[in-house]
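**Student:** this is a predicted model, with the sequence first.
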Amino acid sequence: MMKIYFSISVFENSPHCIPADFDYCYWLKLMNRFITRADTIEIHCWEEEKEVIEELKRRYSEFDEIPNSLSLVYFRGEMTDKKKEYLVTDFVNKHRQLKWFSIFLYKKDTCIFSSEHWGTEFYGEAMTAADVEFIKSVLTEENTISVIDE
């Protein structure tokens, strides 16, 4: 099994790391592949992202809000079909930016895949050779990819 880290390197001039073409096709393909393996999801938002925080509270009352000392709001809960659908159908805000600062997908308390910094940095554990090839097929040549083969 392998671990992988990769990042998206072409951004619009924005503090939120929005892809230059506002195209989250790569993100959607990645999430569709890895959400099927997860039994738990954790979402991080900055405190000032009040609209998305309220949306998460309204949609998913069963999410546990995790206290922390940072300026982030953490939500964690069981991965359900409803949450999977939400992630892949309602993932951008009115500014065409990915809604969530970070998403962590867990299986049996191990983070198997993460999308961080508004979908521009990723990490995966227990990746197969097919997973790595899929990820490479989704990314462009400008992207940074590091693979650790264990």
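**Tutor:** Nice, thanks for sending it over.
**Student:** each with direction, which strands does the helix or strand of the chain with the lowest mean pLDDT pair with?
**Tutor:** Ranking every helix and strand in the chain by mean pLDDT, DSSP states H and E puts strand 64-66 at the bottom, with a mean of 75. Paired neighbours of strand 64-66 in the sheet (DSSP bridges): strand 72-78 (antiparallel).
**Student:** in the helix or strand just after the strand it pairs with, what counts as buried?
**Tutor:** Sequence-wise, the next helix or strand downstream of strand 72-78 (DSSP states H and E) is helix 81-89. For helix 81-89, the neighbour count (16 or more other C-beta atoms under 10 Å) marks 83, 84, 86, 87 as buried. In this view, the C-beta of every residue, glycine as well, is placed from N, C-alpha and C.
**Student:** in terms of pLDDT, where does the second one sit?
**Tutor:** Residue 84 carries a pLDDT value of 95.
**Student:** now do the same contact list for the residue nearest to it when sequence neighbours are not counted.
**Tutor:** Closest residue in space to residue 84, ignoring its immediate chain neighbours: residue 35 at 5.0 Å, by C-beta to C-beta, 6 or more residues apart in numbering. Neighbouring residues of residue 35 by C-beta atoms under 8 Å, 6 or more residues apart in numbering: 41, 79, 84, 87, 88, 105.
**Student:** what's the spacing between the third one and residue 143?
**Tutor:** This means residue 84. Computed as C-beta to C-beta, to the nearest Å, the residue 84 to residue 143 distance reads 25 Å.
**Student:** thinking again about what came up before, give me the contact list for the least confident helix or strand of the chain.
**Tutor:** Strand 64-66 has contacts (C-beta under 8 Å, 6+ apart) with 42, 57, 73, 74, 75, 76, 77.
**Student:** which of the residues you listed has the most neighbours?
**Tutor:** Highest neighbour count within the contacts of strand 64-66: residue 73, with 22 neighbours (other C-beta atoms under 10 Å).
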